[in-house]
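Undergrad: coordinates for the following, if possible.
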Amino acid sequence: MQLASLPNLLTLSRILVIPVVIGSFYVSGDYARWFACALFSAAAVTDWLDGHMARRWQQQSEIGRFLDPIADKLLVAATLFMLTTFGRLSAHAVLPALVILCREILVSGLREYLAGLRVGMPVSRLAKWK
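TA: Take a look at the predicted model:
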């Protein structure tokens with residue numbers, strides 16, 4: 001089963017950690033903030049790791065190609081929303097954050113549209129470092 005591969009399980013773990021990151025904003029104290037930061041950082045590492053493992057172990061799958069960008073966008077959007085809601089993001093940082101998020105959503109939508117037309121749009125190495 002494609003979903004049970006380790007790269008796909010890492011992708012799913014990023015989705016499953018989102019409610020925990022959100023919940024940490026409702027807990028008072030610095031430990032909760034550091035915990036959320038650690039979870040977000042671990043999720044960022046798994047974002048790189050799942051793709052690396054899938055390519056190296058030849059476990060790339062359609063479900064992985066579909067879920068990976070969704071997991072990324074959900075985690076980033078939820079975190080940006082919580083940081084903004086709780087006043088942890090300055091007003092000057094909100095606009096660039098929204099621009100980045102909108103760009104991500106538009107690129108994902110374009111990829112899905114082109115996939116429907118059977119036109120490939122591979123991700124470049126440079127794009128992975130954004």
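Undergrad: residue contacts, residue 29?
TA: If a contact means Cβ atoms under 8 Å, 6 or more residues apart in numbering, then residue 29 has no contacts. Heads up, the C-betas are built off the backbone N, CA and C, glycines and all.
Undergrad: which one is residue 73 nearest to, not counting chain neighbours?
TA: Among residues not flanking residue 73 along the chain, residue 104 sits closest, at 5.5 Å (Cβ to Cβ, 6 or more residues apart in numbering).
Undergrad: tell me which element that neighbour falls in.
TA: Here residue 104, judged by DSSP states H and E, is contained in helix 91-116.
Undergrad: same for that helix, what does it pack against?
TA: Packing partners of helix 91-116 (3 or more Cβ pairs under 8 Å, 6 or more residues apart in numbering; DSSP states H and E): helix 62-85.
Undergrad: so what's the residue nearest to residue 73 up against?
TA: Contact partners of residue 104, counting by Cβ under 8 Å, 6+ apart, are 69, 72, 73, 76.
Undergrad: count the neighbours of the residue nearest to the last one when sequence neighbours are not counted for me.
TA: Distances taken as Cβ to Cβ, 6+ apart put residue 101 closest to residue 76, at 6.6 Å, once the chain neighbours are dropped. Residue 101 is surrounded by 15 other residues when neighbours are defined as other Cβ atoms under 10 Å.
Undergrad: could you do residue 71 as well?
TA: By the measure other Cβ under 10 Å, the count of residues near residue 71 is 24.
Undergrad: try the one 5 residues further on
TA: The criterion is other Cβ under 10 Å. On that basis, residue 76 has 17 neighbouring residues.
Undergrad: low pLDDT regions in the chain?
TA: Low-confidence segments of the chain (pLDDT under 70): 1, 121-130.
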